[in-house]
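>>> Okay, here's the prediction I keep looking at, along with the sequence it came from:
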Amino acid sequence: MKPKPLKQQIKLELRRLFHSMDVISRRYLSQGGRREKEVQTYYNIYQQLGVAWEFLALQCRHWDGYRRLRSGQQACRICSKIKETLEHWVLLPASKPARIGAKRFPNSRRTFPTRQRAMIDSGHIRFHGATLSVHVHNAYKSHLLRGKHAINVAADRIVHLREGDVECWVDSNLVHVRWKKAFHKGKELPYGAFPSELPKRILKHFPVLLEYDKNHNLVGVNILKPAHTPKRK
Ligand SMILES: [Zn+2]
């Protein structure tokens, strides 16, 4: 089933939310004869619904315009937010970049016995249709590839971004861009070549490897990140 467009989904969620707020307010907050403790509980629920309102309203783009209130202010027809008030929330500011987590790097020279224990950070997000994942780990012994004999996996910070068919992978040594379809399981591994039109003495400053399939279609580009060694004169 196709997901609803964002506008419709936000409208529906907000309508339900406003209904819930009305119910709490009418039935439990504005009628007398309840114990104080009970009223406090419903008051808290009302406040929490208010937080949910704030979150949902952050996604509203005020598509249907504003209606004028008796106070003279204008409120969004969908989310009821007052026009020209600041839209922000601690974690998800509406007008600044969203910031989730801190930038971390490997932090130990030890080789850990398992991947799990070497892991420092690992996260995955789908953001407006693009997917991004970040893994940061110290060195560890892996049994995955060679069966009985463990191999050492070096400490690394790996960032992986996918937009449609294009994948980009960045780690401490390599920037790898590739077209995902070209790397399907069962397909032959691509060939690699350096851009040979450049003379050799220049080529060493261009550590770029082009990847192509057997029909000579470009399927990826590898860029070896230059080591940060001072230039010799
Ligand atoms: Zn709105």
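Cool, the structure landed. Everything numeric in this text was worked out from a predicted model, so none of it was measured.
>>> From now on I want contacts and neighbour counts done on CA atoms only, so please keep to that.
OK.
>>> can you list the residues of this protein near the ion?
Those residues of the chain that sit near the ion, judged by CA under 5 Å from the ion, are 60, 62, 76, 78-79.
>>> mind listing what the closest residue to the ion within the chain touches?
The shortest separation between the chain and the ion is 3.6 Å, found at residue 62 (distances taken as CA to the ion). With CA atoms under 8 Å, 6 or more residues apart in numbering as the criterion, the residues that contact residue 62 are 76-79.
>>> Residue 164 versus the closest residue to residue 224 other than its chain neighbours, what's the distance?
Excluding the flanking residues, the one nearest residue 224 by CA to CA, 6 or more residues apart in numbering is residue 174, at 4.6 Å. Counting by CA to CA, to the nearest Å, the gap from residue 174 to residue 164 is 21 Å.
>>> So which of these two has more stuff around it?
Set side by side, residue 174 and residue 164 give different neighbour counts by other CA atoms under 10 Å, the larger being at residue 174 (16 against 11).
>>> Which pLDDT value does the model give that one?
Looking at residue 174, its pLDDT stands at 92.
>>> residues in contact with it?
Per CA under 8 Å, 6+ apart, neighbours of residue 174: 222-225.
>>> try 6 Å
Residues touching residue 174, when contacts are defined by CA atoms under 6 Å, 6 or more residues apart in numbering, comprise 223-225.
>>> Please indicate which of the residues you listed are buried?
Neighbour counting with 16 or more other CA atoms under 10 Å marks 223-224 as buried within the contacts of residue 174.
>>> Filter the contacts of residue 174 down to just the ones in strands.
Taking DSSP state E as the definition of strands, those contribute 223-224.
>>> follow-up on the earlier one: any idea which element the residue of the chain closest to the ion lies in?
For residue 62, there is no helix or strand it lies in under DSSP states H and E.
>>> circling back to that earlier point, rebuild the contacts of residue 174 as CSV, extending it with distance to residue 13 and pLDDT.
Supplementary listing: the contacts of residue 174 in CSV, determined by distance: CA to CA, whole Å; pLDDT from 0 to 100:
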residue, distance to residue 13, pLDDT
223, 46, 91
224, 48, 88
225, 47, 82
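>>> And what about residue 102, helix, strand or coil?
coil (DSSP: H, G, I helix; E, B strand; the rest coil).
>>> actually residue 27, not the one I wrote
Assigned with three-state DSSP, residue 27 falls in the helix class.
>>> same check, this time on residue 23
Under the three-state scheme (three-state DSSP), residue 23 adopts helix.
>>> Quick one: low-confidence residue ranges for this structure.
Low-confidence segments of the chain, defined by pLDDT under 70, span residues 1-3, 88-94, 145-147, 182-187, 227-233.
>>> so how far is residue 81 from the residue of the chain closest to the ion?
Here the criterion is CA to CA. By it, residue 62 lies 9 Å from residue 81.
>>> Spatially, what comes nearest to residue 11 if we skip its sequence neighbours?
Closest residue to residue 11 apart from its sequence neighbours, by CA to CA, 6+ apart: residue 78 at 6.2 Å.
>>> ditto for residue 68
Distances taken as CA to CA, 6+ apart place residue 74 nearest to residue 68, at 4.5 Å, with adjacent residues excluded.
>>> for the one you found, what are its contacts?
66-68, 82-83.
>>> Cross these against strands and list the overlap.
Here DSSP E is the test, and the contacts of residue 74 give 66-68 as lying in strands.
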